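Student: Next comes the sequence, and after it the predicted model I'd like to discuss.
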Amino acid sequence: MSNEDFVVISDISFQFGEQLILNHVELSLKKGKSYALIGKSGAGKSTLLNLIAGFIQPSQGRVTIGGGPIKKSKGNTAFLFQDLGLFPWQTVMEAIMMPLLLKKEKNREKAKEQILVLLKEMELESLKDKYPHELSGGQRQRVAIARALISKPELLLMDEPTSSLDSMTKEHIQQLILAQQQKLRTTLLFVSHDIEEAVFLGEVILILNKNGTIQEMKNPYFAQKDAKEQLGFYEACIEIRKSMNMELPMK
């Protein structure tokens, strides 16, 4: 696996009206790693995610993915929205197939085989003909994740992927996300308000401060399935919470 910088955020600022949301942010993401982006409300986490996705343009600075502009990488980037964005008229199978149709996948049999494998891995086999209104919250979440992963994106961006789920369902979804990230070696960047989720899913924890600085913390508990059974896991959560509450000097 290459260790080169895959996503590079250079001197990014973003202003909405008179409000400065991001101020001279610098960040590099390595290919194939998983990053958790956390911080206090209003720090600009979702804004930064949307800038990387190319949904909005920075007031200053630039973002490159794979050494080139965002528009050249859009076919290899997937975004999981908070509201999931499932269409009520699509079955589970149709929803997951949609990205392949948009990419004009010519080999339909190969595409169907790929979908069936992912359905099994995401525990959706028995639900493939169901519509969103027939699914639970956790099931809809798994469908949205499968749809994001079916085209095997190089970069997966997720905005609070489990925020609406109960704790048991949330942990199950986290395990599935981790398994897919490890299998595909997708570069993952996700926003979370849940510190435990960040420590479980993030190989690197990124703490975005309101002054535009980003603290990077390596996570020794990443990819450990029994991490939440270890005292050190919760000690790491406490340290991160303390770091979030520290006021760093302005740039």
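Tutor: Looks like it came in fine.

Student: Which helix or which strand is home to residue 242?
Tutor: Element membership for residue 242, per DSSP states H and E: helix 231-245.

Student: ugh, wrong one, residue 147
Tutor: In the assignment (DSSP H and E), residue 147 maps to helix 137-149.

Student: Relative to the whole chain's centre, how far out is that helix?
Tutor: Averaged C-alpha coordinates place helix 137-149 at 13 Å from its chain's average position (Cα atoms, centre = their mean, to the nearest Å).

Student: which other helices and strands contact that helix?
Tutor: strand 77-80, helix 92-102, helix 108-121, strand 155-159, helix 167-184 (3 or more Cβ pairs under 8 Å, 6 or more residues apart in numbering; DSSP states H and E). All C-beta atoms are positioned from the backbone trio N, CA, C, and that covers glycine.

Student: what residues does the first one touch?
Tutor: Yep, that's strand 77-80 we're talking about. Contacts to strand 77-80, defined as Cβ atoms under 8 Å, 6 or more residues apart in numbering, come from residues 53-55, 65, 70, 99, 144-145, 148-149, 151, 153-159, 161.

Student: can you rerun that using 6 Å?
Tutor: With contact meaning Cβ atoms under 6 Å, 6 or more residues apart in numbering, strand 77-80 is reached by 53, 144, 148, 153, 155, 156, 157, 158, 161.

Student: With stretch 13-33 instead?
Tutor: In this structure, residues lying in contact with stretch 13-33 by Cβ under 6 Å, 6+ apart are 1-3, 5-9, 11-12, 35, 44, 47, 58-60, 185, 187, 203, 212, 214, 251.

Student: which of the helices and strands packed on helix 137-149 is buried the deepest?
Tutor: By mean neighbour count, with neighbours taken as mean count of other Cβ atoms under 10 Å, strand 155-159 ranks first of the helices and strands packed on helix 137-149 at a mean of 23.

Student: Please name the strands paired to that one in the sheet, noting orientation.
Tutor: strand 77-80 (parallel), strand 187-191 (parallel) (DSSP bridges).

Student: between that strand and helix 137-149, how many degrees?
Tutor: Strand 155-159 and helix 137-149 are oriented at 150 degrees to each other (axes from the mean of the first three to the mean of the last three Cα atoms, to 10 degrees).

Student: Dump the C-alpha coordinates for strand 155-159 into CSV.
Tutor: The C-alpha trace of strand 155-159 is given here as CSV (Å, rounded to 0.1, in the frame of the first residue of the first chain):
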residue,chain,number,x,y,z
LEU,A,155,-12.1,7.8,-1.1
LEU,A,156,-15.2,7.4,1.2
LEU,A,157,-16.6,10.5,3.0
MET,A,158,-19.2,10.0,5.7
ASP,A,159,-21.1,12.6,7.7
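
Student: one step back: now render the contacts of strand 77-80 as JSON lines, adding pLDDT.
Tutor: Compiled in JSON lines, the contacts of strand 77-80 are given as follows (pLDDT from 0 to 100):
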{"residue": "53", "pLDDT": "92"}
{"residue": "144", "pLDDT": "92"}
{"residue": "148", "pLDDT": "92"}
{"residue": "153", "pLDDT": "91"}
{"residue": "155", "pLDDT": "94"}
{"residue": "156", "pLDDT": "95"}
{"residue": "157", "pLDDT": "96"}
{"residue": "158", "pLDDT": "94"}
{"residue": "161", "pLDDT": "83"}
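
Student: hmm, which two among these are most spread apart?
Tutor: Pairwise distances across the contacts of strand 77-80 peak at 16.6 Å for 144 and 155 (criterion: Cβ to Cβ).

Student: care to break this structure down by domain?
Tutor: Using automatic domain parsing, the domain parsing of the chain gives 1-73+167-251, 86-153.
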